[in-house]
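Chemist: Let me see the structure of the following:
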Amino acid sequence: MRLHDHFSITFRITLFTGVTAAFLCALLALSIMMGVHHYASDDTTGEITAAGGRVAVQLERGELTYPLDVYKSRDLQVVDPSGAVVASTANMRGKPRMALFFPPDTRNSVTRTVCSGDFPTPGCHVVVAQWAHRSSGRWLVYSAAPEVPPWVDPWLAALVGVSAAALAAAITYLGYRDVRASLRPMDAIRAELDEINETCPGRRVPMPPADDEIRAMADSVNRTLSRLDSALQQVQSALRHQRQFVSNASHDLRTPIAAMRAEVEDGLLAPEETSVRQLGAVLLPSLDRLQAIVHDLLTLDRLEQGACGEQCRVDLAVLVAAELRNRRPKAKRLDCAIKPGVVVIGDRVRLARLLTSLLDNAERHARTTVTVSVRHEPGEDHDTAVLEVSDDGPGIDRDKREMVFDRFTRVDTARSRNAGGAGLGLAIARQIAEAHGGSLTIEDSPVGARFVLRLPAVPDAETTASTGDSVSP
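Modeler: Numbers count the residues shown, from 1 in each chain. Here you go, the predicted model:
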């Protein structure tokens, strides 16, 4: 079981800070006490060495006063060459030698710790042995004092211990406050995320003022929320579009199916009055309409999936001329202003379908004339190939120009009466234009509607000086 699996970040960091602070403060207190102990021990040793040295000097000069009452704070003994104690302080009077060691010949004094002597106080004592040279031989002077305990003094040990504990507690508290202050923006971000999930996906989490890792995380969260919000809006838009598409498709498919069903039911009710030829003649237009709708739907699906056709150089002038020649004679007059050498890169079949949709739409709504033009427009970055198809019909209101490119959409104007289309031709045309990196829009016209296709143009290797000549369909 790991600690971070069951405890919060605040608790873990505070615990780590507290343990580390306690260890370091204890180490600091121990170091202080060791230093004080070492200083006190050296001071005690120096003091008893000095006291014994003074006695040794007095002994060598013959000035020693018996008994040694002047050194009441220290334990002293004077030992003659025969090993007998001849003088001592009051506490050691009548007691044997406090120690049996003596300095080597090369040294005048030596210090030992003695724990088994007959000292007035229990415990170990620091004993210093020094030589005193007289005419009768070498005498020994022993001086002693109780060994300094590790805590030196109870009050000092208590003061250092309490100070270390207070310091550790202060460091732990400051660490806790710093962690809480650092994680407070995280709590705000979490609370904001919870509220965003419940109410408004368009909101963002607050950005902390400090330029640290939490701010970077908040920035990443906001970018993620932006992408999710954008994706959500796209999904919602796609769902709305899909629902609208299904509704419109079902409506447009239901009409020919209902007409076909009515004709079949009439034929079944009066079989003697209905022939196969008559029934077929009635059903075929509805079947043609169904086939056109299904074909257009499949075309739109392939375009939306990004299916690329055969890419080649296409001369729009040649394409328009060929399409106009292949069209059946119409009641509407065609005016053409086509300039050769306007070349684009694209799928010839799909561009032909785009042109067919524009021409069909113009012929359905024109009163007398349909105008087709192809020209070349120079630009700063790249040249543009422009194809225009216009009619002299009732036109399209400015606020409804984008609606005509929606699927199964027919504007509520005179252009919708007796149109006969499935409502997918212009949607397919715009999809083809955008798939070729261009645009298809409706622009202002003195009369009727003017559809303008713009595609990136490429240089025509075969263009000659007669580029400005018109081409007749």
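
Chemist: partners of Glu388 in the sheet?
Modeler: Ser373, Val452 (DSSP bridges).

Chemist: That one touches Leu453, doesn't it?
Modeler: Yes - Glu388 is in contact with Leu453 according to Cβ atoms under 8 Å; the separation is 7.5 Å. (Glycine included, C-beta is placed from N, CA and C.)

Chemist: which one of those two has more residues nearby?
Modeler: Leu453 (25 against 18; other Cβ atoms under 10 Å).

Chemist: Surely the more buried one touches Gly438?
Modeler: Yes - using Cβ under 8 Å, Leu453 makes contact with Gly438 at a distance of 6.5 Å.

Chemist: And the next helix or strand past the helix or strand hosting Ala40?
Modeler: Using DSSP states H and E, Ala40 maps to helix 9-61. Downstream of helix 9-61, the next assigned helix or strand under DSSP H and E is strand 75-79.

Chemist: What lies in contact with whichever strand or helix holds Ala362?
Modeler: Applying DSSP H and E as the criterion places Ala362 in helix 348-365. Contact partners of helix 348-365, identified using Cβ atoms under 8 Å, 6 or more residues apart in numbering, comprise 299, 309-310, 312, 314, 316, 319-320, 323-324, 327, 330, 332, 344, 370, 372, 387, 389-391, 393-394, 415, 419-421, 425-426, 428-429, 432-433, 435-436, 440, 448-449, 451, 453.

Chemist: Now, those that are in strands?
Modeler: Cys312, Val314, Val344, Val370, Val372, Leu387, Val389, Ser390, Asp391, Leu440, Phe451, Leu453 (DSSP state E).

Chemist: surely Asp75 meets Ala144?
Modeler: Yes - assessed by Cβ under 8 Å, Asp75 is found in contact with Ala144 at 4.4 Å.

Chemist: Any chance you could list residues touching both of those two?
Modeler: Going by Cβ under 8 Å, 6+ apart, residues that sit against Asp75 and also against Ala144 are Met98, Phe119, His125.

Chemist: In a markdown table, list the residues you listed along with secondary structure and distance to Val276.
Modeler: Putting these into a markdown table (DSSP: H, G, I helix; E, B strand; the rest coil; distance: Cβ to Cβ, whole Å) gives the following:
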| residue | secondary structure | distance to Val276 |
| --- | --- | --- |
| Met98 | coil | 144 |
| Phe119 | coil | 140 |
| His125 | strand | 137 |
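
Chemist: ok, back up a step: remind me what the helix holding Ala40 packs against, helices and strands.
Modeler: strand 75-79, strand 109-114, strand 125-134, strand 137-146, helix 154-198 (3 or more Cβ pairs under 8 Å, 6 or more residues apart in numbering; DSSP states H and E).

Chemist: ok, 10 Å please
Modeler: Other helices and strands packing on helix 9-61, by 3 or more Cβ pairs under 10 Å, 6 or more residues apart in numbering; DSSP states H and E, are strand 75-79, strand 85-88, strand 109-114, strand 125-134, strand 137-146, helix 154-198.

Chemist: Among these, show me which one is buried the most.
Modeler: Stretch with highest mean neighbour count among the helices and strands packed on helix 9-61: strand 75-79 (a mean of 25; mean count of other Cβ atoms under 10 Å).

Chemist: just the angle between it and strand 137-146, please?
Modeler: Interaxial angle of strand 75-79 relative to strand 137-146 (axes from the mean of the first three to the mean of the last three Cα atoms, to 10 degrees): 160 degrees.

Chemist: quick one: strands adjacent to strand 75-79?
Modeler: By DSSP bridges, strand 75-79 pairs with strand 85-88 (antiparallel), strand 137-146 (antiparallel).

Chemist: If you compare the directions of the longest one and helix 9-61, what angle comes out?
Modeler: Right, strand 137-146. Going by the same axes, to 10 degrees, strand 137-146 makes 150 degrees with helix 9-61.

Chemist: and strand 137-146, how far from the chain's centre?
Modeler: 80 Å (Cα atoms, centre = their mean, to the nearest Å).
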